[in-house]
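**Q** fold the following, please.
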Amino acid sequence: MIGDPHQFEAIGTRLGFRTVTETPRKLRLRWQGARFPAFLCLGIALLLLFISVPIVEALRLRGFVGPAASLWYFPIMNLILFGISAFLITQRRTIEIDNDSRRLTLCRQSLYRTTTLAVGYEEIAGVVLRVDQVYSGFAVGGSTAAQSFPVPALRIVLQNGENVLLDRGSFTKLVDLGKVISERLDKPLEIEPRLQEQLQNSRFEKRALA
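**A** So this is what the prediction gives:
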């Protein structure tokens, strides 16, 4: 194993992976970061340019003694918004399963860092779909405002007892993703009992509606 499994933990949920490459020998899945807030920040930053550019020019010509001196924070706000949008746009996670090299590779990318975890098939014990407790917020001033709620999570279980988070989110989508990954790795897919009961109930409801 190359890399640290703890680097791939996440506080909240994610929107899910989409298939980028699917061949008999290789499967590549990708999760793109939060695009809506990224483009929202970028749009606001572009709009603020109409204010920031004249302010910067006025400060360059007259310094901090002119009428534009009190508006010095607009260009700084602009830079901060550009930085936030660039960070959100560049966030990306990929899962690559290569049957030729018999290796599972996870990659976590952002604006300033790229983290990789490579695990051989022989180091993987199985795939598990279980429930994670995810916090809904942060406690303020020692209060109990921060509470956790259960979220389905798909994880890879290693032979040494460690596990690696792949994705969190919709139970149905994670079941499908788990089946695909377990078939590619030729490893068993284990579903936690309470989620297994939920899966059986959903199948029963589909049969009843049919």
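**Q** what is the burial count for the residue nearest to A125 when sequence neighbours are not counted?
**A** Distances taken as C-beta to C-beta, 6 or more residues apart in numbering place V157 nearest to A125, at 4.7 Å, with adjacent residues excluded. Glycine gets a C-beta too; all of them are placed from N, C-alpha and C. The number of residues packed near V157 is 18, by other C-beta atoms under 10 Å.
**Q** helix/strand/coil for N160?
**A** For N160, the assignment made with DSSP: H, G, I helix; E, B strand; the rest coil gives coil.
**Q** quick check: closest non-adjacent residue to F82.
**A** Nearest to F82 is A45, by C-beta to C-beta, 6+ apart, at 4.9 Å.
**Q** ok, that neighbour to F39 distance?
**A** Noted for A45: a distance of 10 Å to F39, by C-beta to C-beta, to the nearest Å.
**Q** the two - which one has more neighbours?
**A** It is A45, of A45 and F39, that has more neighbours when counted by other C-beta under 10 Å, with 20 against 13.
**Q** ok, that one touching I76?
**A** No. With contacts defined as C-beta atoms under 8 Å, A45 does not count as touching I76, sitting 11.6 Å away.
**Q** contact partners for M77?
**A** M77 makes contacts with L48, S52, as judged by C-beta atoms under 8 Å, 6 or more residues apart in numbering.
**Q** again, 7 Å this time
**A** Going by C-beta atoms under 7 Å, 6 or more residues apart in numbering, M77 touches L48.
**Q** what is the subsequent helix or strand relative to the top helix by length along the chain?
**A** Taking DSSP state H as the criterion, the chain has its longest helix at helix 35-62. Next helix or strand after helix 35-62 toward the C-terminus (DSSP states H and E): helix 73-90.
**Q** okay, angle between that following helix and helix 35-62 too, please.
**A** Calculated by axes from the mean of the first three to the mean of the last three C-alpha atoms, to 10 degrees, helix 73-90 forms an angle of 150 degrees with helix 35-62.
**Q** from the chain's centre, how far out does helix 73-90 sit?
**A** A distance of 20 Å separates the centroid of the chain from that of helix 73-90, by C-alpha atoms, centre = their mean, to the nearest Å.
**Q** what's the following helix or strand after that helix?
**A** Going down the chain from helix 73-90, the next helix or strand is strand 92-98, by DSSP H and E.
**Q** ok, and for that following strand, which residues are buried?
**A** In terms of neighbour count (16 or more other C-beta atoms under 10 Å), strand 92-98 has its buried residues at R93, T94, I95, E96, I97, D98.
**Q** and the residues you listed, which is closest to A86?
**A** Within the buried residues of strand 92-98, the smallest distance to A86 is 17.3 Å, found for R93 (C-beta to C-beta).
**Q** my read is that the closest one contacts W31, right?
**A** Yes. With contact defined as C-beta atoms under 7 Å, R93 reaches W31; the gap is 4.4 Å.
**Q** figure out how far stretch 117-128 is from the centre of its chain.
**A** Using C-alpha atoms, centre = their mean, the distance from the centre of stretch 117-128 to the centre of the chain it belongs to is 20 Å.
**Q** next one: stretch 54-70
**A** Centroid separation for stretch 54-70 versus its chain: 42 Å, with C-alpha atoms, centre = their mean.
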